[in-house]
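Chemist: The amino acid sequence is not available; the structure is as follows:
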């Protein structure tokens, strides 16, 4: 019978009766190679008649049964797509292009099953191919709904965020994506955020940060008690790369995120190091971390703040991190950071914590602060007598300026003699 219908179809085609030809070709579906028929109507530029044939192909019972069977085999064996599934994908793509070129939106929605409220997907077409074809044709809303119904979370969010790049409502789309992610199971939400965190931060930084704070915090609400994501994995979302450097952006929100994970116990060494760096960056913006300072440079401002004992909010945050006994920052890295930012209170604290008393004295020497030099000698000289040797050597090397420092030299000598910190020969040397 198929051969007879083919002869009739060919006869109608040769006469130019394309509608009659399609009616006959439809009767050969499942027995005649569909690519032969499709090629005929493509060559003749008969898009409406090709559409009719492809509709019949997709509605054919054998086609639907074959797709269902092949999908079940795929799930069971995890093998590559079969020829039948690949052919269905090609036909689905072609049919959707036919609909979109003819602007037959109602027919398209009916074919995809989007003309009713049910979330069920009609099994007679290749869903992934349909989504790709819809995106290519600019039908983002249809692709979005189809991916949602198919439970394809990565594709749904990819469409929502990437296809919104040329639109004015990128923030609205980002908020919609965040709302969608909140409803996903923990591990799917985590993987989705890892893939899209940078775009979400760029478009809705506050709301994205709030969600990251939730997923990086131990919670019984997650699947299994105490599950939480590694906060380090999301730090790149707040980084921008230029040709020669990388820099953090959205400092206020990133600090909010880092403070949160630091306090709830999920902070790592990298988290604390980054938090410290951001707080120190804030001290530069505040004038070196010192409030009410009139000095011009960040270094001078920091020194003035250290002398006055007053810190700005950013400076206080730095000290809060450094003094926190539970903070996991790298001490060596922290020392480099405070030195690089010329943050005196942090330098002095870490020098003392690491018993680098000679560095404390040297710090005051660099500032020519004689009172602070002597105060450091009195405080640390008993623990490390070399501190007094350092102080005396400093004054002895000042040449003509030694006379101006005589009062401080006498005070140092009296303290050494009273406490017998150094032997007389060491003092003379």
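Modeler: Cool, the structure landed. Note that the structure is a prediction, hence the values are computed from the model and not measured. Residues are numbered from 1 along each chain as shown.

Chemist: Can you tell me the SS state at residue 124?
Modeler: Following DSSP: H, G, I helix; E, B strand; the rest coil, we place residue 124 in the coil state.

Chemist: typo on my end, residue 247
Modeler: Following three-state DSSP, the label given to residue 247 is strand.

Chemist: what's the neighbour count on it?
Modeler: 11 (other CB atoms under 10 Å). To be clear about C-beta, it is placed using only N, CA and C from the backbone, and glycine gets the same treatment.

Chemist: got the contact list for it?
Modeler: 239-240 (CB atoms under 8 Å, 6 or more residues apart in numbering).

Chemist: which residues does it form a beta bridge with?
Modeler: residue 240 (DSSP bridges).

Chemist: I'd like to know how far it sits from residue 278.
Modeler: Using CB to CB, to the nearest Å, residue 247 is found at 11 Å from residue 278.

Chemist: Please point out which parts of stretch 206-217 sit buried.
Modeler: Buried positions in stretch 206-217, judged by neighbour count with 16 or more other CB atoms under 10 Å: 207-209, 211-217.

Chemist: Which of those residues sits closest to residue 106?
Modeler: residue 207 (36.5 Å; CB to CB).

Chemist: for this protein, which spans come out with low pLDDT?
Modeler: For the chain, applying pLDDT under 70 flags the ranges 44, 61-82, 117-123, 164-168, 220-225, 242-245, 285-310, 399-403, 422, 427-429.

Chemist: longest helix of it?
Modeler: Secondary structure of the chain per DSSP state H: the longest helix is helix 83-102.

Chemist: what packs against that helix?
Modeler: Secondary-structure packing of helix 83-102 (3 or more CB pairs under 8 Å, 6 or more residues apart in numbering; DSSP states H and E): helix 34-43, helix 47-59, helix 61-77, helix 105-112, helix 127-136.

Chemist: For the first one, which outside residues touch it?
Modeler: In other words, helix 34-43. 9, 13, 18, 22, 25, 28, 47, 49-50, 53-54, 57, 87, 91, 94.

Chemist: what's the first-to-last distance across stretch 40-48?
Modeler: Using CA to CA, to the nearest Å, one end of stretch 40-48 lies 13 Å from the other.

Chemist: In it, which residues are buried?
Modeler: Buried positions in stretch 40-48, judged by neighbour count with 16+ other CB under 10 Å: 40-41, 46.

Chemist: Out of the residues you listed, which is nearest to residue 349?
Modeler: Among the buried residues of stretch 40-48, residue 41 lies closest to residue 349 (CB to CB), at 80.5 Å.

Chemist: what sits against the residue nearest the centre of the chain?
Modeler: The C-alpha lying nearest the average C-alpha coordinate of the chain belongs to residue 237 (CA atoms, centre = their mean; 2.6 Å). Applying CB under 8 Å, 6+ apart, we find residue 237 in contact with 197-198, 200-201, 208, 212.

Chemist: and stretch 356-368, how far out from the chain's middle?
Modeler: 42 Å (CA atoms, centre = their mean, to the nearest Å).

Chemist: Need the helices and strands packed on helix 83-102 in JSON lines (columns: distance to residue 320).
Modeler: Below are the helices and strands packed on helix 83-102 laid out as JSON lines (distance: least, CB to CB, whole Å):
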{"stretch": "helix 34-43", "distance to residue 320": "70"}
{"stretch": "helix 47-59", "distance to residue 320": "65"}
{"stretch": "helix 61-77", "distance to residue 320": "54"}
{"stretch": "helix 105-112", "distance to residue 320": "56"}
{"stretch": "helix 127-136", "distance to residue 320": "49"}
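
Chemist: Tell me which of the ones you listed lies nearest to residue 364.
Modeler: When those are compared by CB to CB, helix 127-136 sits nearest residue 364, at 66.2 Å.

Chemist: List the buried residues in that closest one.
Modeler: 127-135.

Chemist: Return the member of those nearest to residue 192.
Modeler: Taking CB to CB as the measure, residue 192 lies nearest residue 131 of the buried residues of helix 127-136, at 16.9 Å.

Chemist: Run through the neighbouring helices and strands of the strand or helix carrying residue 379.
Modeler: Residue 379 belongs to helix 370-380 when assigned by DSSP states H and E. Counting contacts by 3+ CB pairs under 8 Å, 6+ apart, helix 370-380 packs against helix 357-366, helix 386-396, helix 406-419.

Chemist: Throw these into CSV and include distance to residue 140, thanks.
Modeler: Below are those laid out as CSV (distance: least, CB to CB, whole Å):
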stretch, distance to residue 140
helix 357-366, 61
helix 386-396, 71
helix 406-419, 76
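
Chemist: mind putting the ones you listed in CSV, mean neighbour count included?
Modeler: As requested, these are exported to CSV (neighbours: other CB atoms under 10 Å):
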stretch, mean neighbour count
helix 357-366, 18
helix 386-396, 18
helix 406-419, 14
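
Chemist: leaving aside the residues next to it on the chain, what's closest to residue 269?
Modeler: Excluding the flanking residues, the one nearest residue 269 by CB to CB, 6 or more residues apart in numbering is residue 328, at 5.0 Å.

Chemist: three-state assignment of the one you found?
Modeler: coil.

Chemist: Phi first, then psi, for it.
Modeler: Phi and psi for residue 328, reported as degrees, to the nearest 10, are phi -100, psi 20.

Chemist: Ok, residue 267 next?
Modeler: According to degrees, to the nearest 10, residue 267 has phi -70, psi 140.

Chemist: Count the neighbours of it for me.
Modeler: 23.

Chemist: Hmm, residue 261 and it touching each other?
Modeler: Yes - shown here, residue 267 and residue 261 form a contact pair, counting by CB atoms under 8 Å, at 5.0 Å.

Chemist: what touches both of these two?
Modeler: Residues within reach of residue 267 and of residue 261 at once, by CB under 8 Å, 6+ apart, are residue 231.

Chemist: can you give me how far the helix or strand residue 320 falls within is from the chain middle?
Modeler: Assigned by DSSP H and E, residue 320 belongs to helix 313-323. On the basis of CA atoms, centre = their mean, helix 313-323 sits 26 Å off its chain's mean C-alpha point.

Chemist: what does stretch 99-116 give?
Modeler: Distance of stretch 99-116 from the chain centroid (CA atoms, centre = their mean) equals 37 Å.

Chemist: List of residues touching that stretch?
Modeler: Residues contacting stretch 99-116 (CB under 8 Å, 6+ apart): 47-48, 51, 55, 58, 95-96, 120-122, 125, 130, 133-134, 137-139, 142, 145-146.
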